[in-house]
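>>> Structure, please.
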Amino acid sequence: MKKIIFLITIFLFFATASFAEIDYSKISPNQNINIIFGKKQPSKSQIKKSYSHDLIFYKSATLAVIAAKTNPEYLSPENRFILRRPVDTNDPDYYGSGITVLTYDTPEGHFKIHYTEDNTNGDAVYGYDGDPATIPQFVIDVGASFELAWSHILSLGFPPLPGDNNKGGDSRFDVYILNLPGSYGYTSYDDSPLYTYIVIDNDFATVPQNFDPEGKQKGAIKVTAAHELFHAFQFQYSTNISKNGWWMETSSTWMEDEVFPEVKDYLNYIGLRYDDINDNGKWDIGETYYNIDGSIAGTTGRSSKWFDNPDMSLDTYNGSHEYGTVIWAKYLSGTYGNNVIKSVWNRIGSGSVALTSISDELSSLQTNLENAFGLFQVANYKRDYMDGNYYPIIKHTATYTSYPQTVNGTINHLASFYYAFKADDSPSILTFTFTNMNSANIASKLILTTTTGDYEEEDIVLNSPSVAKQITSFGTASNYSKAVLIIINTSLTDKETFSVDVNKETQSTSSDNQHGCFIATAVYGSYFDPRVIVLRKFRDEHLLTNPLGRVFVSFYYNISPSIAAFLEKHTILKVTTMFFLTALVYIIKYPQTALLLLVLTLLSLYSIKKKRQKTRGVSSIVENEKGP
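This next block holds a predicted model:
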């Protein structure tokens with residue numbers, strides 16, 4: 001019973017606090033820190049809550065165990081059993097006195113699985129029959145899953161794990177199966193993080209849904225093997241949970257989906273999708289939400305998960321959020337390749353912390369954390385992932401239908417806010433004014449939903465204390481039905497403030513003629529043609545950001561409507577204009593290539609000119625030699 005009380009308490013602690021936030025150097029040994037580690041028994045209501053639909057099953061107790069091993073002086077004598085292997089005889093063991101512990105060696109030779117068929121203390125493995133001569137299928141499945149995870153992790157380039165000095169009976173990696181109420185398992189180590197072992201649950205009876213075709217128990221075995229084994233590999237780089245704990249859990253959850261993509265257990269930490277009936281970008285009581293398999297889960301009691309908390313910092317470690325942050329690891333590997341995860345761990349192993357390692361690795365890939373994190377926010381809004389159909393809507397801070405509005409506040413480091421602005425049926429101009437947001441840490445992106453259901457994305461260049469951005473043809477009967485503004489703090493450590501004023505004014509026909517790309521639209525036939533969009537972005541991001549450019553744009557708006565009307569009636573001139581505009585679009589999109597072509601063209605012309613001059617010179621000599 002001691003083990004059960006301890007484990008439930010340590011997992012409940014995860015729901016309200018983070019070991020990463022504890023400065024043990026400032027805690028007096030006389031303080032009752034054992035409340036954290038299990039000396040204080042949880043109430044019946046707490047235990048009942050731990051098995052509710054909302055809290056589900058804690059993924060891994062690895063970081064809690066590392067905290068206990070790192071600070072053993074704060075453990076009561078009754079709780080020191082967590083510091084040792086379940087079969088160590090120099091301390092009260094997990095299985096209990098007099099319990100026979102059996103072993104199974106995997107055929108591939110890498111793992112020794114320890115288990116019992118004695119259920120005196122509730123630790124008998126699932127499917128046991130009491131006959132030591134027969135190996136339960138559960139045990140065989142555990143061994144097979146660990147072997148597959150082992151092979152896959154090594155295939156990604158991670159160095160093999162060292163032996164454990166025969167601590168478990170031989171040099172094989174030891175996995176212990178016993179009853180772990182409230183967790184899939186955990187990874188621990190002996191005197192050194194080099195010598196690791198794993199403890200996993202004996203039946204996975206209360207795990208949430210997953211997609212494994214052989215059932216959720218088999219799926220839970222698989223993801224636990226991949227998750228916890230990757231923790232063992234991580235220990236070779238770092239066990240600093242205060243700096244890297246969130247990334248340890250994030251990347252271990254990522255590894256699950258890399259080794260066993262059919263299981264998709266990580267969806268339980270992303271958040272359950274729902275019907276956004278009122279289109280306000282967040283779940284409201286009464287709106288139906290769904291289990292990951294698509295069955296109806298209910299209309300009340302939906303728990304808050306990763307996609308419901310974009311305002312939480314990326315490196316938040318609170319016992320839940322870090323598992324959902326797998327979406328960040330999936331974005332990185334999907335964008336830059338799987339090797340990016342290993343490269344980050346290599347940097348951590350060289351003494352860098354997780355966030356700095358990620359930033360440095362992105363810089364080595366010719367980008368930066370600021371750019372990647374901003375694009376990540378757009379991908380989350382669009383749910384632009386392979387499994388995106390299973391994801392919920394990223395939570396909006398607010399959705400507006402009336403104007404003017406002001407959105408302002410303070411935003412955590414590596415966090416974001418989403419604000420939606422909806423149109424009515426009248427064509428309008430929507431104006432965003434950004435005030436004092438020209439900090440290097442603040443970024444903003446705008447996602448426009450067209451009336452055809454497509455998306456257009458625009459970066460807001462915050463390069464001065466006051467920046468204005470106008471969206472024309474804003475209306476359900478016009479071009480854009482919704483504008484979503486994403487405020488992003490790309491700082492690794494600091495909070496930032498922001499303030500944006502949003503105004504809407506009716507757009508008359510004459511007003512529309514002052515803001516449209518008339519000539520380009522007339523030539524290409526559509527305001528949404530990709531080439532027209534390139535020209536509009538060039539206007540907004542380059543011409544309208546300086547006085548000379550604004551003068552040119554004003555002049556263009558005065559003369560372009562009549563030119564556009566003239567081109568509509570003269571096909572040859574229209575085609576000729578299209579040729580020159582297409583060349584201009586190419587120059588804007590590929591300036592370096594265009595410059596190279598220009599240089600090559602000038603060199604070619606110069607060469608031709610020199611050749612002609614030489615030819616004329618030879619002809620002149622020949623004529624002179626012929627004489628009169």
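>>> quick one, what contacts the nearest residue to residue 388 once chain neighbours are set aside?
In this structure, residue 388 finds its nearest non-sequential neighbour in residue 382, 7.7 Å apart by C-beta to C-beta, 6 or more residues apart in numbering. Bear in mind the C-beta positions are built from the backbone N, C-alpha and C, glycine included. Shown in contact with residue 382 (C-beta atoms under 8 Å, 6 or more residues apart in numbering): 388, 447, 455.
>>> Identify the bridge partners of the second one.
Beta bridges link residue 447 to residue 457, residue 484, judged by DSSP bridges.
>>> if we can go back for a sec, of the contacts of residue 382, keep whichever come out buried.
residue 447 (16 or more other C-beta atoms under 10 Å).
>>> and which of the contacts of residue 382 is nearest residue 334?
residue 388 (11.2 Å; C-beta to C-beta).
>>> For the closest one, grab phi and psi.
Main-chain dihedrals, residue 388, degrees, to the nearest 10: phi -60, psi -30.
>>> residue ranges of the helices in the stretch 101-250 of the chain, please?
In the stretch 101-250 of the chain, the segments counted as helices under DSSP state H, counting those that start in this stretch are 137-155, 216-234, 241-259.
>>> who does the strand or helix carrying residue 503 pair up with?
Following DSSP states H and E, one finds residue 503 within strand 496-506. As defined by DSSP bridges, the strand partners of strand 496-506 come to strand 405-411 (antiparallel), strand 428-435 (antiparallel).
>>> list the contacts for the closest residue in space to residue 96 that isn't next to it in sequence?
Excluding its sequence neighbours, the residue lying closest to residue 96 (C-beta to C-beta, 6+ apart) is residue 121, at 4.6 Å. Residue 121 makes contacts with 95, 96, 99, 179, as judged by C-beta under 8 Å, 6+ apart.
>>> try it again with 7 Å
95, 96, 99 (C-beta atoms under 7 Å, 6 or more residues apart in numbering).
>>> pLDDT at it, what is it?
Listed pLDDT for residue 121 reads 89.
>>> now swap in the one 10 residues further on and tell me
Looking at residue 131, its pLDDT is 92.
>>> Give the burial count for it, as a bare number.
Residue 131 has 9 neighbours, counted by other C-beta atoms under 10 Å.
>>> related to what we said a few turns ago, which stretch in the strands paired with strand 496-506 has the least confidence?
Mean pLDDT per stretch puts strand 428-435 lowest among the strands paired with strand 496-506, at a mean of 92.
>>> Excluding its own residues, what touches that one? List them.
With C-beta under 7 Å, 6+ apart, strand 428-435 has contacts from 421, 444, 460, 462, 465-472, 474-475, 483, 485, 499-507, 511, 515.
>>> which parts of the helix or strand that contains residue 587 are buried?
Under the criterion of DSSP H and E, residue 587 resides in helix 571-589. Across helix 571-589, burial judged by 16+ other C-beta under 10 Å covers 574, 577, 578, 581, 584, 585.
>>> Next one, pLDDT for the residue nearest to residue 388 please.
On the pLDDT scale, residue 382 gets 97.
>>> Could you report the separation of it from residue 576?
Between residue 382 and residue 576 the distance is 38 Å, computed by C-beta to C-beta, to the nearest Å.
>>> Kindly report the same for residue 415.
Counting by C-beta to C-beta, the gap from residue 415 to residue 576 is 51 Å.
>>> and what of residue 258?
54 Å.
>>> could you pull out the helices for the stretch 351-500 of the chain?
Under DSSP H, counting those that start in this stretch, the stretch 351-500 of the chain gives helices at 354-364, 369-382.
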